[in-house]
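J.: output the structure for:
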Amino acid sequence: MHVVVANNIYPPIMAGGAELIVAWLAEGLAARGHRVTVVSTCGPEMEPYPVETVNGVTVIRFFPRNVYWNFSRQGQPSYRRALWHLRDAWNRDAGRRFRAVMADASPDIVHTHLIDGFSAAVWRCARRAGVPIVHTAHDYHLLCPRAFMLTRDWKICRRPQAACRVYRAWHLATARDIDLFVSPSRFLLEQHRAAGLPNVATAVVPNGIRLPVATPARGPRPTFLLMCRLTVEKGVRVVLRALAALPPSLDLQVVIAGRGPLEDEIRQAAATDPRVSFVGYVSGEAKQALLDAAHCLLIPSLWYENAPVAVVEAAAQNLPVIASRIGGLPEFVEDGRTGLLFEPGHATQLAAIMQGLLSGTITLTDQADACRALAQRHTVDRMVDGYLQHYRRLLPAGVTVPGCDELDHAA
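T.: Coordinates of the predicted model:
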């Protein structure tokens with residue numbers, strides 16, 4: 001079986017967890033003997049981008065013509081962002097170039113993920129070619145121009161403005177071309193249904209990660225780790241306010257990793273408070289070392305998180321998570337067992353939980369067993385198994401899907 005996977009960026013070009021999930025899925029399919037072609041974007045200055053083969057996956061990148069590359073949008077004036085969105089409503093250049101990939105690849109399945117930058121033109125190409133389309137949502141791109149469902153003052157958006165309603169209606173209308181809409185969390189799926197997702201088949205397929213094999217060695221000093229994009233909606237400022245509410249004499253360290261618009265603010269906090277350590281963006285072994293050394297992971301989000309990879313990464317290392325009670329997070333953080341939940345934006349609640357864990361007045365029940373069970377439900381193999389089952393249902397009768405039929409016998 002040949003699967004064409006489309007995502008707006010692909011490693012080593014990185015922005016968050018979605019592209020990691022896409023890469024693990026693509027490589028997992030290739031390891032099962034399937035042919036996988038990934039189509040992704042690059043900046044105009046990177047063209048022509050050479051076709052690569054990475055871990056058995058063919059990777060094709062191009063710049064879908066627009067006023068700028070989506071991943072150089074920071075600092076763009078509002079009128080250019082508006083022009084970008086207008087072009088991205090239906091990017092003919094992306095459609096033309098994706099059509100050429102389709103003609104050369106002759107795939108059995110097209111599996112799209114984040115398509116902002118490509119636009120729904122790629123769905124229409126696959127539809128006209130008669131190829132089944134699976135789409136996995138990782139955020140709220142189809143519902144919100146900013147993909148966060150937040151107002152400009154960082155509150156949950158409950159009454160979209162007229163322009164946002166038009167944007168949403170158009171993007172949901174284009175989703176009629178897909179055959180299966182997949183979400184990694186029940187919450188994200190229900191948000192799309194409530195917004196008017198067309199009457200297409202839906203499914204929940206949990207994200208899968210590569211589980212670590214080493215046993216972490218925690219350091220002696222209690223360490224809380226915040227590892228995310230350094231933006232307001234990720235709750236970075238909530239952590240700083242919580243730390244300010246804790247007694248200065250309390251022995252702890254808050255390590256902040258990531259990059260984004262709030263970097264200067266974090267550097268200033270680290271310069272004035274010895275309990276704050278800013279390490280910038282990390283990946284690979286450096287990221288693993290931070291997880292190994294931490295005693296607790298912080299996910300203080302203000303927006304409707306979907307299914308953060310970090311929760312499962314923490315569980316795989318028996319690392320408790322303190323997270324906001326928002327979005328899909330309660331589906332993954334079992335309050336009182338794998339971690340603790342607090343109301344989004346409530347720095348005093350977060351501070352009380354941090355202090356309670358340090359003093360021992362707050363404990364978790366059967367944490368190790370609960371974390372192990374959570375991690376085992378979210379492996380790459382289980383994710384690949386789930387998607388293979390759905391692929392097979394979409395293919396014509398009689399088409400075999402290697403790595404899928406065995407699942408039926410096992411069941």
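J.: ok, the residue nearest to Arg80 when sequence neighbours are not counted to Asp88 distance?
T.: Excluding its sequence neighbours, the residue lying closest to Arg80 (CB to CB, 6 or more residues apart in numbering) is Val67, at 5.4 Å. (C-beta placed from N, C-alpha, C; glycine too.) Remark: distance between Val67 and Asp88 (CB to CB, to the nearest Å) = 10 Å.
J.: more neighbours, these two?
T.: More crowded of Val67 and Asp88, by other CB atoms under 10 Å: Asp88, with 23 against 16.
J.: just to check, that one is in contact with Asn66?
T.: Yes - Asp88 is within contact range of Asn66, at 6.5 Å (criterion: CB atoms under 8 Å).
J.: what residues are shared contacts of those two?
T.: Between them, Asp88 and Asn66 share these contacting residues under CB atoms under 8 Å, 6 or more residues apart in numbering: Gly117.
J.: can you list the low-confidence ranges for the stretch 101-250 of the chain?
T.: 213-217 (pLDDT under 70).
J.: what about 80?
T.: 212-220 (pLDDT under 80).
J.: would you map the strands across it?
T.: Taking DSSP state E, counting those that start in this stretch as the criterion, the stretch 101-250 of the chain carries its strands at 109-112, 133-136, 180-183, 201-204, 223-227.
J.: quick check: Leu341 vs Val276, distance?
T.: 24 Å.
J.: pick the most buried one from the strands of the stretch 101-250 of the chain.
T.: Stretch with highest mean neighbour count among those: strand 109-112 (a mean of 26; mean count of other CB atoms under 10 Å).
J.: stretch 90-100 - what's its average pLDDT?
T.: The average pLDDT within stretch 90-100 is 96.
J.: in it, what's buried?
T.: 91, 93-95, 97-99 (16 or more other CB atoms under 10 Å).
J.: return it as CSV; C-alpha atoms alone will do.
T.: Only the C-alpha atoms of stretch 90-100 are listed here, as CSV (Å, rounded to 0.1, in the frame of the first residue of the first chain):
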residue,chain,number,x,y,z
TRP,A,90,-7.7,27.9,-1.8
ASN,A,91,-4.1,27.8,-2.9
ARG,A,92,-4.1,26.9,-6.6
ASP,A,93,-0.3,26.6,-6.6
ALA,A,94,-0.4,24.1,-3.8
GLY,A,95,-3.1,22.2,-5.6
ARG,A,96,-1.1,22.1,-8.9
ARG,A,97,2.1,20.9,-7.2
PHE,A,98,0.2,18.3,-5.1
ARG,A,99,-1.5,17.1,-8.2
ALA,A,100,1.9,16.5,-9.8
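J.: what does that stretch rub up against?
T.: Contacting residues not belonging to stretch 90-100 are listed as 6, 39, 62, 64-66, 117-122, 124-125, 129, 174 [CB under 8 Å, 6+ apart].
J.: same question, stretch 364-379
T.: The contact list for stretch 364-379 (CB under 8 Å, 6+ apart) reads 206-211, 311-312, 314-320, 332, 334, 336-340.
J.: so how far is it from its chain's centroid?
T.: Put simply, stretch 364-379 sits 21 Å off its chain's centre (CA atoms, centre = their mean, to the nearest Å).
J.: over to Leu290. Which of the three states is it?
T.: Three-state assignment for Leu290 (DSSP: H, G, I helix; E, B strand; the rest coil): helix.
J.: let me fix that, I meant to ask about Leu302.
T.: Look at Leu302: counting by three-state DSSP, its state is coil.
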